[in-house]
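> I need the structure of the sequence given here:
(one chain, ligands or ions: 1)
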Amino acid sequence: MSDISIRQTGPAGRITLMRPGALNALTYDMCLAIEAALDRWRDDGSIAHIVIDAEGERAFCAGGDIAELYARGIAGDFDYGRRFWADEYRMNAKIFSYPKPVISFLQGFTMGGGVGIGCHGSHRIVGESSRIAMPECGIGLIPDVGGTLMLALAPGRLGEYLGTTATRMTAADAILAGFADLMIDEAAWPGLIEALETGADTAILEAAAADPGAAPLEAHMAQIDRHFGGETVGDILTSLSHDDSDFARDTLKALSRNSPLSMACTVEVIHRLRGPSLSMAKALDLEYRFTSRALEHGDLMEGIRAAIIDKDRKPVWQHAGRSVPSAVISKMLMPVRDNPLKLEEETTMKKAKIGFIGLGNMGAPMAANLARAGHEVTGFDTAGTTAEGVRAAQTAAAVATDADVVICMLPNGAVLRHVADEVLPAMKKGALLLDCSTVDVEAARAVAAAAEDAGVQFADAPVSGGIGGASAGTLTFMAGGTEAAFRAATPLFDVMGQKAVHCGEAGAGQAAKICNNMILGATMIATCEAFALADKLGLDRARMFDVVSTSSGYSWSMNAYCPAPGIGPQSPADNGYTPGFASELMVKDLGLSQQAAEAVDADTPMGALALALYRQFVENEDGKGKDFSAMLPRFEARGRSS
Ligand code: NAD
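Reported below is the predicted structural model:
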């Protein structure tokens, strides 16, 4: 193939990209050829390292061949793109985990697909002309080819900044952001490559490296961290629009060019990736969820049209900057059911036999997601409820017999203890009992001890994210239990959620959950009473939101779940306070925090007051069945003495 040269020169497996006229843009065939060479050389004892370079001065590789994607998309063939990305990502993952050194020389532009080849090896060499970027949001994609892994690992909020603005990094910037390792004078590259082809090892690269100098981005790190720390692109835009510095203006201009849907999903993917379960496999999987839908449902066709077909550079995006509904983001990032991404390394649990007990508002969609992911799920609920794809059983013990994992999603600790008494004797030794309900810490610890006696692994893993998160598979799990139990549960967390944090021993997950919800109860009340006060002071609610959402009164209650109808992102307030998260559930969780505080003699006056107010709201003020943000109309209707 004339677009790429693959050969062995001495101990070096050599790959040279040879489309300089097209800035070495990556074609499907080039991807497949690189993967085949990597597979061949992996166990070939005569190959010591892989050296990748590219012809021409202008670019190592400026991206993928998007013209072909467009041509296929216009003809209604969206599968071509899906196949291309799946094969490309598998190749990217192989470079990332290759057992031999992979050395890349990145002159000029390295962008998009070029990052997937050039920036995952062990020695990523940059020089004076290097300009590295992830510009995908400009054409309606998201940073992919494993780029989100590096964006999630970049210092501070640099990842969100680079991923949404498509800023071009210099050599020093790329080293700062983790896209490159060594700065070497480009005049020295041919000599180094020749030495690698004739027996030298990678130590010569370190010896030739120069000081990259100050990274231009370093000067903006404080502003980047300040403005890009929000939860959503809306937060980022709001923050930037309150700053009249040149940096903020330039950044807003860059963001205004890019697809709002792509930027929103980029920020969401980076946030989901940060944390202990960060891995290349997870990054590629999340990217694939978006890219596999991008031609058909995203802005990609329009982005390519405007960029390289009509070249009018005036794409008409589906959404405006601040108003990408969170449901649309979730939909683009749902697990892919048909033909999910398969990397060679096995990253997901083998199909497991799962017993699911408690198929209520939360449990039913969680169980359905597990069944959809290919697990064999049997369910039981005393109310006789079922879930899509889940086989119904008649008793809790029946779902536990033979199960690899039993998951509970039950109303409280007393029910959990009762169910555990029934299922533990029926479970196989070494199987996992995973309780995702919110229960008291003592119940979690008691069930953990009973499980240990029965030779069963146990983890408490309560969730946050509500019914929406349960359906979309975007829950956050906070887990307690042994390291082994957490590891065993991780592939299931990946199906049901976006993030799992191992908080410590059994009970630590419940402790994290009740502490979180104690803060949530108190901040929601504080947010609601502040809105009611603002009303009486004649302060416009929208202005109040604009100020507080980017000032020190910022919180999840204000920014992501604003209790004032019509203000901020969509929330239950916009739907007549239909839950959402019902006030009586908040009473339950605040009660658990006070029960725990009493048990360990912790002073929690704010939590106690929040419980008293929510209890009064539910029991005496018609709050039952209303979302917990309905505290706002409650305060609105009251004065200081009522
Ligand atoms: P739910 O009441 O809708 O579901 C609980 C289910 O458990 C019901 O269907 C009930 O019939 C079943 N059940 C009760 N006793 C049982 C038994 N002995 N055997 C089998 N099934 C039994 O409640 P939910 O909203 O799904 O919440 C479940 C858990 O998740 C609770 O602990 C809750 O605090 C927690 N949680 C809920 C939310 C939310 O937004 N709803 C958010 C986070 C956490």
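> Look up how far residue 531 lies from the closest residue to residue 4 other than its chain neighbours.
Using C-beta to C-beta, 6 or more residues apart in numbering and skipping the chain neighbours, the partner closest in space to residue 4 is residue 30 (4.8 Å). C-beta here means a position set from N, CA and C on the backbone, and glycine is covered the same way. From residue 30 over to residue 531 the distance is 57 Å, taken as C-beta to C-beta, to the nearest Å.
> Please apply the same query to residue 585.
According to C-beta to C-beta, residue 585 stands 22 Å off from residue 531.
> Please say which of the two ends up with more neighbours.
Neighbour totals were compared for residue 585 and residue 531, and residue 531 leads with 24 against 20 (other C-beta atoms under 10 Å).
> and the closest residue to the ligand within the stretch 451-600 of the chain, what is it in contact with?
At 3.8 Å from the ligand, residue 466 is the closest residue in the stretch 451-600 of the chain, using C-beta to the nearest ligand atom. Shown in contact with residue 466 (C-beta atoms under 8 Å, 6 or more residues apart in numbering): 580, 581.
> who in the chain is up against the ligand?
For the chain, the contact set with the ligand under C-beta under 6 Å from any ligand atom comprises 357-363, 380-383, 385, 396, 409-411, 415, 418-419, 437-438, 463, 466-467, 581, 585, 588.
> Walk me through the domains of this structure.
Following automatic domain parsing, the chain resolves into domains at 4-332, 353-506, 513-636.
> Present the ones you listed as a markdown table; the columns should include mean pLDDT.
Listed next are the domains of the chain as a markdown table, based on pLDDT from 0 to 100:
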| stretch | mean pLDDT |
| --- | --- |
| domain 4-332 | 95 |
| domain 353-506 | 94 |
| domain 513-636 | 96 |
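> Is it possible to get a markdown table of those domains that adds distance to residue 343?
Output for the domains of the chain, formatted as a markdown table (distance: least, C-beta to C-beta, whole Å):
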| stretch | distance to residue 343 |
| --- | --- |
| domain 4-332 | 5 |
| domain 353-506 | 13 |
| domain 513-636 | 32 |
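> Of these, which is nearest residue 342?
Nearest of the domains of the chain to residue 342, taken as C-beta to C-beta: domain 4-332 at 7.3 Å.
> what about the closest one, start to end distance?
End-to-end distance for domain 4-332, by C-alpha to C-alpha, to the nearest Å: 34 Å.
> Regarding residue 480, what is its secondary structure?
strand (DSSP: H, G, I helix; E, B strand; the rest coil).
> what about it, neighbour count?
By the criterion of other C-beta under 10 Å, residue 480 has 28 neighbours.
> Wait, a strand at residue 125?
Yes - if the criterion is three-state DSSP, then residue 125 is within a strand.
> measure it to the ligand for me?
Distance from residue 125 to the ligand, counting by C-beta to the nearest ligand atom, to the nearest Å: 48 Å.
> Residue 264 too?
As judged by C-beta to the nearest ligand atom, residue 264 and the ligand stand 23 Å apart.
> same question, residue 115
Distance, residue 115 to the ligand, by C-beta to the nearest ligand atom: 38 Å.
> quick one: contacts for that residue?
Residue 115 neighbours (C-beta under 8 Å, 6+ apart): 132, 134, 145, 146, 147, 150, 179.
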